[in-house]
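# Okay, sequence plus prediction incoming.
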Amino acid sequence: MDTNSHASAEVQNNLTRILGIIPARFASTRFPGKPLIDINGKSMIQRVYERALQSLKLDEVVVATDDERILVHVNDFGGRAILTSQAHQSGTDRCAEAADKLPGFDIIINIQGDEPYIDSRQIDLLASCFADSETKLATLVKNITTAEELNNPNSPKVVLNKNYEALYFSRAAIPYMRGKGNEDWVNEHTFYKHIGIYGYRRDTLQAITKLPVSLLEKAESLEQLRWIENGYKIKVAVTDIETKAIDTPADLENILKDSGQGL
């Protein structure tokens, strides 16, 4: 190999490769089989997959599923899927198994499989957090603008430090604004809600899935608290793009009624 070829190989070997994984579980208490539901002629999982392919940062996209029906369906529309265990308790655990089976990627982006409106710019924003070699974990947040959203326990809130790292996640409105009426809090302080897309370095992903469930995680039912409780820093980027998840049949009905989303 000549000097130039050797240099080119070194550059290639040093490139950061990013894998997008879409965890897709068939069983769901509130909406069984929802990855395969039809949304204006395409399944939800196909719509998420196609949105992820629009990312400028991802080198590859794969669906990680626990069910042969989803695996076959993804293959049928031309996507790539991998079968994972049915025993996983979270999308993070499923991503870890899939990443372990797919070597050669440095960064893993965990893309929610129930957000057919996912904007590829959010994926790219999250991926950009890893330009800093110190970033091991990353996620997104968005400004909260209404008291209703602030007080919704189904929408986790986040407080940040000055380095845009997560200090704490909670289903409660945090911080507490002493001496202010709750309905006025959003006018007095910048509150953030968590957007549930995660990025991990490969070794960090494998490490956090081996951690035992923590006390804070049990209290809030938020797995990212396990990472913080064990000393991991979570880098945060702020997005102004809204996301819509389908958790229940009612959510699907609302989305299908909305004709202005371009689906």
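Nice, thanks for sending it over. None of the values given here were measured: they were computed from a predicted structure. Numbering: from 1, shown residues only.

# tell me the mean pLDDT for the lengthiest strand in the chain?
If you go by DSSP state E, the chain has its longest strand at strand 192-201. Strand 192-201 shows an average pLDDT of 97 in the prediction.

# ok, now how distant is the residue nearest to the spatial centre of the chain from Thr139?
Central residue check for the chain by CA atoms, centre = their mean: the C-alpha nearest the mean position is that of Ile197, 1.7 Å away. Relative to Thr139, Ile197 is positioned 7 Å away (criterion: CB to CB, to the nearest Å). Where you see a C-beta, it was placed from the backbone N, CA and C, and this is true even at glycine.

# Between the two, which contacts overlap?
Taking CB atoms under 8 Å, 6 or more residues apart in numbering as the contact criterion, the residues that touch both Ile197 and Thr139 are Leu126.

# show me what contacts Gly121?
Let me fix one detail, which is that residue 121 is Arg and not Gly. Arg121 makes contact with 239, 241 under the criterion CB under 8 Å, 6+ apart.

# which SSE is it in?
Mapping Arg121 onto the secondary structure by DSSP states H and E places it in helix 120-128.

# tilt between that helix and strand 192-201?
Note on geometry: by axes from the mean of the first three to the mean of the last three CA atoms, to 10 degrees, helix 120-128 and strand 192-201 are set 60 degrees apart in direction.

# Going by neighbour count, list what's buried in helix 120-128.
Within helix 120-128, the residues that qualify as buried are 120, 122-127, counting by 16 or more other CB atoms under 10 Å.

# Check which strands are paired with the helix or strand just after that helix and give the direction for each one.
Next along the chain after helix 120-128, taking DSSP H and E as the criterion, comes strand 137-143. Taking DSSP bridges as the criterion, strand 137-143 pairs within the sheet with strand 192-201 (antiparallel), strand 234-238 (parallel).

# Just say which of those strands is most tucked in.
Among the strands paired with strand 137-143, strand 192-201 has the highest mean neighbour count (mean count of other CB atoms under 10 Å), at a mean of 22.

# so how far is the helix or strand that it is followed by from its chain's centroid?
Secondary structure here is assigned by DSSP H and E; on that basis, the next helix or strand after strand 192-201 toward the C-terminus is helix 202-208. In terms of CA atoms, centre = their mean, to the nearest Å, the gap separating the centre of helix 202-208 from the centre of its chain is 15 Å.

# Just give me how far the helix or strand that comes right after helix 202-208 sits from the chain centre.
Per DSSP H and E, helix 202-208 leads on to helix 215-220 as the next helix or strand towards the C-terminus. Taking the mean C-alpha point of helix 215-220 and that of its whole chain, the gap between them comes to 20 Å (CA atoms, centre = their mean).

# just stretch 214-222 next, same as before
For stretch 214-222, the distance from its own C-alpha centre to the chain's C-alpha centre is 19 Å (CA atoms, centre = their mean).

# switch to numbering from 13
Okay, residue one is now 13; in that scheme the one you just asked about reads as stretch 226-234.

# Go through that stretch and flag the buried ones.
Within stretch 226-234, the residues that qualify as buried are 228-229, 232, 234, counting by 16+ other CB under 10 Å.

# Could I get those in CSV, plus columns for pLDDT and distance to Leu179?
CSV is the format used below for the buried residues of stretch 226-234 (pLDDT from 0 to 100; distance: CB to CB, whole Å):
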residue, pLDDT, distance to Leu179
Leu228, 97, 12
Glu229, 97, 16
Glu232, 98, 14
Leu234, 97, 13
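
# export stretch 27-44 as CSV, just CAs?
Extracted in CSV, the C-alpha atoms of stretch 27-44 (Å, rounded to 0.1, in the frame of the first residue of the first chain):
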residue,chain,number,x,y,z
LEU,A,27,-14.8,8.2,10.4
THR,A,28,-17.7,8.2,12.9
ARG,A,29,-20.4,5.9,11.7
ILE,A,30,-23.9,6.4,13.0
LEU,A,31,-26.7,3.7,13.1
GLY,A,32,-30.3,4.6,13.5
ILE,A,33,-32.3,1.9,15.3
ILE,A,34,-36.1,1.9,15.4
PRO,A,35,-37.3,-0.4,18.3
ALA,A,36,-40.7,-2.0,17.4
ARG,A,37,-42.5,-4.2,19.8
PHE,A,38,-45.7,-5.9,18.7
ALA,A,39,-47.3,-6.4,22.1
SER,A,40,-48.6,-3.2,23.7
THR,A,41,-51.0,-2.9,26.6
ARG,A,42,-52.7,0.2,25.2
PHE,A,43,-52.4,-0.6,21.4
PRO,A,44,-51.3,-4.1,20.4
